[in-house]
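[1] after the sequence you'll find the predicted model.
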Amino acid sequence: MSDVAGSASGEHLDEVRLRRLLKVGRSLVSELDVESVLEAVLEAARDLTGARYAALGVLNDRGDGLERFLTLGIDGAARARIGDLPQGHGVLGVLIKDPRPLRLADVGMHPHSYGFPAGHPSMTTFLGVPIRIRDAVFGNLYLTDKPAGAEFDEADEAAVVVLAEWAGHAIANARLYRSTLERRDDLQRAVAGFEAALAVARAVGGETDLDRILELIVKRGRALVDARSMFVALESGGRLTLDAVAGELGRTLEHRSVDVGHTPAADVLAFHQPVHLAGEGGAMITVFEGLEARAALLVPLVFRGVAVGLLGALDPASGADHFTAEDARILEAFASSGATAVATGRNVAEERARRAIEASEAERRRWARELHDETLQDLASLKMMLSAARRSDDPANVERILDQAIEQLTFGIASLRQLITDLRPPILDEAGVQPALEHLVERLGVISDLDVRMNVDLAYESGRRSYRLSPAVEDAIFRVVQEALHNVVKHAQAETVDVSIVEADSRVGIRIADDGVGIGEHRETSGFGLRGMRERIELAGGSLEITCPAGGGTEIRASVPVSPAPAGTRAERSRG
């Protein structure tokens, strides 16, 4: 900076004006906003020269005209009378073509003068100085009309030249600072985009519930582009369903279905490109039927070349009337991860439904076999007995047959009662999972020689907790133990089985281990089966593992989180 001040020192600048220039220079280079620098330069130019009017013209990108024209000393009414601001013709154009200081005693007498438009204030004396940033001309300073009609002298020119040099340095610094801020903001937004995409990627690996994934997408996406509202709409059969919303959108819009045709969404889904929507003058636009906004950004969710839906941002929180191209770029990158998460969640949901149907059908086949092999056979045998009794003329024989029929009916009733209990033991609803398991073990002891050693330690049963487990958790525990014990009786050729059900650290751990032949590598038990056991546990939020220890037998380990039962649930189920 000393070089700049030194270039102005000498016969043209007195000590007072030099001190003022140094003060102005220090103030300018400390200012980090370009607009503030331009305003300060205008004020300093008037102060240093005493000019009545000051103006600063900023060159366009081609450098052959003015892009902006800032003034000082002309009030709003006068500016309105003047009309359009100068574009860089006439005397102003001389400085653009030949960027050197220019002093005129009467600007109107210059051969290139165009004169002044109607309503323009009268101006006579003139001083123009270019502002350079390094070797490029940024613009020009224009000063007119010194007090009492005096001309601008060499000292005025020297002072404004120094001021212009200060201005060039200050504008360069402010531009560099603004560029640094913009790069920082871009980096921060990029990092935020990566973090949001990573959060969705983690959801793919750690969260398989589609509703949870969609909730995560709309919340993270809204924060990413700073929108007032965000929604996810998934496509199916030519219709879009608003599956999740965030921000100012009402929950009543969730699950609303709209026809894709003749909507902006049609282009988004067809061409896999973002679409910007904005109303003129802040007017509202219709995004979908019943969904309006001032501005919207619609981005496709594309997975393996297919648009599964779209992500929509509504109204920038900043109050801007549109989303930017940068917003679209960031949201589109985010949506690619979101689409993968959505597709994964959908696949998991479909797989769960398929597995549930398969398990249900397998269960139906099991009960069909039970009814066919036992109950129907018993009924057929009973029919034959009664037919024989009707044909017999011997009262003693008829009485014997009726005794056998009654015995057969008694056995059939017991079998049906056993079947009903297996389907849904009433004691599970009425008393809880521990009494239901004890009753299960007691019944197994009647029909088999299997030695079942059971240990149940649940907080509710021992009085450490005031509420029972949720129906889903109790059902999962009972069904897994029931199926495991039935499999041991039918297939394991085991003598003993250890059952342990222990609650600790807000989870219930289940262990069932037998000393039988072990489950074969490709062996699948009948009925509910291993797949059904795993499905039950996973639906309750837990996990299940089946192994064959080195010492023989089979070991099943499962863990499910503790979940309280809603008030009245058990009573309602029991009455049903």
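    Perfect, thanks for sending it.
[2] contact partners for the nearest residue to residue 283 once chain neighbours are set aside?
    Spatial nearest neighbour of residue 283, excluding adjacent residues (CB to CB, 6 or more residues apart in numbering): residue 294 at 7.5 Å. Every C-beta, even on glycine, is put in place using the N, C-alpha and C of the backbone. Counting by CB atoms under 8 Å, 6 or more residues apart in numbering, residue 294 makes contact with 278-279, 282-285, 315, 321.
[3] try 10 Å this time
    Contact analysis of residue 294 by CB atoms under 10 Å, 6 or more residues apart in numbering lists 228, 277-279, 281-285, 314-316, 319-322.
[4] so which helix or strand takes in residue 499?
    Taking DSSP states H and E as the criterion, the element that holds residue 499 is strand 496-504.
[5] then residue 560?
    Mapping residue 560 onto the secondary structure by DSSP H and E places it in strand 555-561.
[6] how many neighbours does the residue nearest to residue 552 when sequence neighbours are not counted have?
    If you skip the residues right next to it in sequence, residue 552 has residue 518 as its closest partner in space, 5.8 Å away by CB to CB, 6+ apart. Here the neighbour count serves as a burial measure; for residue 518 (other CB atoms under 10 Å) it reads 20.
[7] quick one: the residue nearest to residue 283 from residue 281, how far?
    To residue 281, residue 294 is 10 Å away according to CB to CB, to the nearest Å.
[8] chain center to stretch 284-294, what's the gap?
    The gap between where stretch 284-294 is centred and where its chain is centred comes out at 21 Å by CA atoms, centre = their mean, to the nearest Å.
[9] between the two ends of that stretch, how far is it?
    5 Å (CA to CA, to the nearest Å).
[10] following the helix or strand where residue 45 lies, which helix or strand comes up?
    Assessed by DSSP H and E, residue 45 sits inside helix 34-49. Of the helices and strands lying after helix 34-49 in sequence (DSSP H and E), the nearest is strand 53-59.
[11] what is the burial count for the closest residue to residue 214 other than its chain neighbours?
    Distance criterion CB to CB, 6+ apart; nearest residue to residue 214, sequence neighbours excluded, is residue 244 at 3.7 Å. The tally of other residues near residue 244 (other CB under 10 Å) stands at 23.
[12] beta partners for residue 244?
    residue 232 (DSSP bridges).
[13] so it touches residue 220, yeah?
    No - contact between residue 244 and residue 220 fails when scored by CB atoms under 10 Å: they sit 11.5 Å apart.
[14] all helices for the stretch 51-200 of the chain, in order.
    The residue ranges that make up the helices of the stretch 51-200 of the chain, judged by DSSP state H, counting those that start in this stretch, are 76-82, 90-97, 154-206.
[15] same list, those, but as JSON lines with distance to residue 460 and mean neighbour count please.
    Compiled in JSON lines, those are given as follows (distance: least, CB to CB, whole Å; neighbours: other CB atoms under 10 Å):
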{"stretch": "helix 76-82", "distance to residue 460": "79", "mean neighbour count": "12"}
{"stretch": "helix 90-97", "distance to residue 460": "88", "mean neighbour count": "18"}
{"stretch": "helix 154-206", "distance to residue 460": "30", "mean neighbour count": "17"}
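[16] adding mean pLDDT and distance to residue 137, write those helices out as JSON lines.
    JSON lines is the format used below for those (pLDDT from 0 to 100; distance: least, CB to CB, whole Å):
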{"stretch": "helix 76-82", "mean pLDDT": "68", "distance to residue 137": "25"}
{"stretch": "helix 90-97", "mean pLDDT": "83", "distance to residue 137": "8"}
{"stretch": "helix 154-206", "mean pLDDT": "81", "distance to residue 137": "9"}
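[17] which one of the ones you listed lies closest to residue 476?
    When the helices of the stretch 51-200 of the chain are ranked by proximity to residue 476, the top entry is helix 154-206, at 21.2 Å, counting by CB to CB.
[18] and residue 431, how many residues sit next to it?
    Under the criterion other CB under 10 Å, the count of neighbours that residue 431 has is 17.
[19] wait, it touches residue 438, no?
    Yes - the criterion here is CB under 10 Å, and residue 431 meets it with residue 438 at 9.5 Å.
[20] just the buried positions in the helix holding residue 45, please.
    With burial defined by 16 or more other CB atoms under 10 Å, the residues of helix 34-49 counted as buried are 34, 37-38, 40-42, 44-46, 48-49.
[21] tell me the one among those nearest to residue 136.
    Distance to residue 136 across the buried residues of helix 34-49 (CB to CB) is lowest for residue 34, with 15.2 Å.
[22] distance check, that closest one against residue 176.
    10 Å.
[23] list phi and psi for the residue nearest to residue 283.
    The phi/psi pair for residue 294 (degrees, to the nearest 10) reads phi -80, psi -30.
[24] how about the one 10 residues further on?
    Backbone torsions for residue 304, taken as degrees, to the nearest 10, come to phi 50, psi 50.
[25] phi, psi of the closest residue to it other than its chain neighbours?
    Once its chain neighbours are removed from consideration, residue 304 has its nearest residue in residue 343; the separation is 7.6 Å (CB to CB, 6+ apart). Torsion angles at residue 343 (phi, psi; degrees, to the nearest 10) stand at phi -60, psi -40.
[26] how about residue 343, what does it touch?
    Listed by CB under 10 Å, 6+ apart, the contact set of residue 343 reads 204, 210, 213, 301-304, 306, 308-309.
[27] okay then, goodbye and thanks.
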